[in-house]
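*Asks:* Curious how this folds, go ahead:
(2 chains)
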2 protein chains.
Amino acid sequence: MDTDLAPLSPTSRTTVNRGRNRVVADRTRLHAFLEDAMLAHLGVIVGEGEANHPVVLPTAYGVDLDGPDAGGSLYLHGSVAAGWLGRALDRDVCVTITELDGLVAARSAFHHSMNYRSAVVIGRPRRVDDHDERLHALAAVVDHMIPGRWATLRPSTRKELAATAVLAVPLAEASMKERAGGPVDDPDDIAAGAWAGHIPLRRVAGAPVADADARGGVPADVRDRVAALAATGV
Amino acid sequence: MDTDLAPLSPTSRTTVNRGRNRVVADRTRLHAFLEDAMLAHLGVIVGEGEANHPVVLPTAYGVDLDGPDAGGSLYLHGSVAAGWLGRALDRDVCVTITELDGLVAARSAFHHSMNYRSAVVIGRPRRVDDHDERLHALAAVVDHMIPGRWATLRPSTRKELAATAVLAVPLAEASMKERAGGPVDDPDDIAAGAWAGHIPLRRVAGAPVADADARGGVPADVRDRVAALAATGV
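*Replies:* Numbers count the residues shown, from 1 in each chain, chains lettered A, B, ... in the order given. Okay, here's the model as predicted:
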């Protein structure tokens, strides 16, 4: 893991212009957040010239901070038949990962807000063709969902791998913002004496639901994942 | 509310090409989901020509199905100083709203998946300039976070309104996908007799946290919001 990287927001594209007080400049905080969060939104540009438009799609992801890309590798995967994959290769993409942490009930509409952690990564995806790196990337995606699961599964078949495209986005060009805590109200509104505060939110896991054809008990990796989410949420 | 609208995915831009079995074609399901979900990701194109790239930012939103835009209005707001607002006006944007509902632990890496509901809206934003519609839109955003809250707050000041930009995106061009339930495994893997299933996820609210200067008890709107999320989650 490259610990000599500059703090976050190293380029004009990932410099946060609004809400600078909410910028997280510590790259290790970004790494911890990417580990915690579960869902990415991938933005790609579709179409040419005046007819172009962005498309934003939800996707799973995996991270290898020691991956071959600058700043480490953010891995995405999908069907080779998916249109976004081809589009994502020729152009820069934006991968945004957000967890909503709360609703902020201020004393004025203006100061209502949300608590969140959000990372924005901009970069040119690399198609991962090397067999070993493809397996490594897919393991990162599966183990990001349920840590330790990849090692318990049968090997992927040639056919499955041929149907799967893997992309790597460099983590070098990234920014992170965070908002936490209660409202920041105007002094007059505070003096007027109303209630204000925030509602914490977190994502929790329910008990695992076995497939109708499942044999045996819930495996340790699934139990551990549920326990971790029950304890802390995301 | 326009009930004569075509089913979802009416244009080539919002036709779902992959995973057609997961397409939600019922517009009322989209409306219910937009009501339930809390966070949008707005994708805009930044820069010109070869230097352009998408930026995806998390944002609150509000919906008025009777709004003046085709299919109803999705309202977004932000600081007039925020760069994305100017960029969002000249070009089509994509607003994607996703809730993660579960992790699917299949018998092969290939069939691992996530349960989710996700709506994708593509359209050209309209800047909302009319005073009454601006107030109506901001009320929609605040009441989407905490239903009934807008009516309990003091009126917005001229200065606050001048600092706030409001955009409306038509809901006409939209698609929705949903995945629910357990894994869809290969017959050979099922026959081999392993456990498989899914981990349900939901977003829940904790007890409201009062601001240090808060006076009085937790208001009914906040209590109701917490109770609703505690009962069902999102």
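*Asks:* residues in contact with A:F110?
*Replies:* Residues in contact with A:F110 (C-beta atoms under 8 Å, 6 or more residues apart in numbering or on different chains) are B:S156, B:T157, B:E160, B:A163, B:T164. Every residue, glycine included, has its C-beta placed from N, CA and C.
*Asks:* Emit the ChimeraX select command for whichever of the residues you listed are buried.
*Replies:* Buried members of the contacts of A:F110, defined by 16 or more other C-beta atoms under 10 Å in any protein chain shown, are picked up in ChimeraX with:
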select /B:156,164
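*Asks:* Keep only those of the contacts of A:F110 that are in helices.
*Replies:* Applying DSSP state H to the contacts of A:F110, the entries found in helices are B:E160.
*Asks:* how far away is A:C94 from B:T96?
*Replies:* In this structure, A:C94 and B:T96 are 12 Å apart, going by C-beta to C-beta, to the nearest Å.
*Asks:* Show me which helix runs longest in chain A.
*Replies:* Longest helix in chain A by number of residues (criterion: DSSP H): helix A:131-145.
*Asks:* what's in contact with the helix-or-strand element of chain A with minimal mean pLDDT?
*Replies:* Taking mean pLDDT, DSSP states H and E as the measure, helix A:83-90 is the helix or strand of chain A with the lowest mean score, a mean of 74. Around helix A:83-90, the neighbours that count as contacts under C-beta under 8 Å, 6+ apart are A:42, A:44-46, A:55, A:57, A:76, A:78-79, A:125, A:127, A:165, A:167, B:17-18.
*Asks:* Does A:L167 touch A:V128 like I think?
*Replies:* Yes: between A:L167 and A:V128 there is a contact at 6.7 Å, judged by C-beta atoms under 8 Å.
*Asks:* what do these two both touch?
*Replies:* Residues touching both A:L167 and A:V128 (C-beta under 8 Å, 6+ apart): A:Y75.
*Asks:* Next one: the strand ranked longest in chain A, is it in contact with chain B?
*Replies:* The residue-count maximum for a strand in chain A (DSSP state E) belongs to strand A:93-105. Yes: for strand A:93-105, a contact with chain B is found by C-beta under 8 Å from any C-beta of the partner chain, at A:V93, A:C94, A:V95, A:T96, A:T98, A:L100, A:L103, A:A105.
*Asks:* Now do the strands in chain A.
*Replies:* So, for chain A - with DSSP E - the strands run A:40-46, A:53-59, A:62-64, A:73-79, A:93-105, A:113-123, A:126-127, A:164-170, A:174-179, A:197-205, A:209-210.
*Asks:* Below-threshold pLDDT in chain A: ranges please.
*Replies:* A:1-11, A:15-18, A:20, A:232-234 (pLDDT under 70).
*Asks:* Spatially, and excluding backbone neighbours, which residue is closest to the residue of it most remote from its centre.
*Replies:* Going by C-alpha atoms, centre = their mean, the residue of chain A most distant from its centre is A:A192, 40.5 Å out. Distances taken as C-beta to C-beta, 6 or more residues apart in numbering or on different chains put A:R107 closest to A:A192, at 7.1 Å, once the chain neighbours are dropped.
*Asks:* Does A:A40 touch A:V56 like I think?
*Replies:* No: using C-beta under 8 Å as the test, A:A40 is too far from A:V56 to be in contact (10.2 Å).
*Asks:* So those two - more neighbours on which side?
*Replies:* A:V56 (28 against 25; other C-beta atoms under 10 Å in any protein chain shown).
*Asks:* Now for A:C94 and B:T96: what residues contact both?
*Replies:* Common neighbours of A:C94 and B:T96, counting by C-beta under 8 Å, 6+ apart, are B:G43.
*Asks:* more neighbours, these two?
*Replies:* The neighbour count for A:C94 versus B:T96, taken as other C-beta under 10 Å, is higher for A:C94 (29 against 23).
*Asks:* Give the full set of residues in contact with the more buried one.
*Replies:* Residues in contact with A:C94 (C-beta under 8 Å, 6+ apart) are A:L42, A:G43, A:V120, A:V121, A:I122, B:G43, B:H53, B:P54, B:V55, B:V56.
*Asks:* do you know how far the residue nearest the centre of chain A is from A:G62?
*Replies:* Residue closest to the mean C-alpha point of chain A, counted by C-alpha atoms, centre = their mean, is A:I97 at 3.3 Å. As judged by C-beta to C-beta, A:I97 and A:G62 stand 12 Å apart.
*Asks:* same check, this time on A:D221
*Replies:* Counting by C-beta to C-beta, the gap from A:D221 to A:G62 is 15 Å.
*Asks:* if you count what's nearby, which of these two comes out ahead?
*Replies:* A:G62 (25 against 20).
*Asks:* what's across from that one in the sheet?
*Replies:* A:G62 has these beta-bridge partners by DSSP bridges: A:Y75.
*Asks:* Quickly list what A:V204 is bridged to.
*Replies:* For A:V204, the beta-bridge partners under DSSP bridges are B:R202.
*Asks:* Could you double-check that the residue farthest from the centre of chain A sits in contact with A:S108?
*Replies:* No: judged on C-beta under 8 Å, A:A192 makes no contact with A:S108 at a distance of 10.0 Å.
*Asks:* Need the overlap of contacts for these two.
*Replies:* Counting by C-beta under 8 Å, 6+ apart, the residues touching both A:A192 and A:S108 are B:R154.
*Asks:* Bridged to A:A165, which residues?
*Replies:* Beta-bridge partners of A:A165, as defined by DSSP bridges: A:G78.
*Asks:* can you pull the contacts of it?
*Replies:* If a contact means C-beta under 8 Å, 6+ apart, then A:A165 has A:H77, A:G78, A:S79, A:V80, A:A82, A:L85, A:R127 as its contacts.
*Asks:* mind putting these in CSV, neighbour count included?
*Replies:* Listed next are these as CSV, based on neighbours: other C-beta atoms under 10 Å in any protein chain shown:
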residue, neighbour count
A:H77, 22
A:G78, 20
A:S79, 14
A:V80, 11
A:A82, 17
A:L85, 21
A:R127, 13
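*Asks:* Out of the residues you listed, which two sit at the greatest distance?
*Replies:* Farthest apart among the contacts of A:A165 by C-beta to C-beta are A:S79 and A:R127. That separation is 13.8 Å.
*Asks:* before we move on, the earlier item: can you tell me which of the contacts of A:F110 lies closest to chain A?
*Replies:* Distance to chain A across the contacts of A:F110 (C-beta to the nearest C-beta) is lowest for B:E160, with 4.2 Å.
*Asks:* The closest one and A:N21, how far apart?
*Replies:* When B:E160 is compared with A:N21 (using C-beta to C-beta), they lie 19 Å apart.
*Asks:* what subset of the contacts of A:F110 is also close to chain A?
*Replies:* The subset of the contacts of A:F110 within reach of chain A, by C-beta under 8 Å from any C-beta, is B:S156, B:T157, B:E160, B:A163, B:T164.
*Asks:* Tell me the one among the residues you listed nearest to B:N115.
*Replies:* Nearest member of these to B:N115, counting by C-beta to C-beta, is B:T164, at 35.8 Å.
*Asks:* any idea how far B:L74 is from that closest one?
*Replies:* Applying C-beta to C-beta, the value for B:T164 to B:L74 is 17 Å.
*Asks:* So what would you say the end-to-end distance of stretch A:64-73 is?
*Replies:* In stretch A:64-73, first residue to last residue: 5 Å (C-alpha to C-alpha, to the nearest Å).
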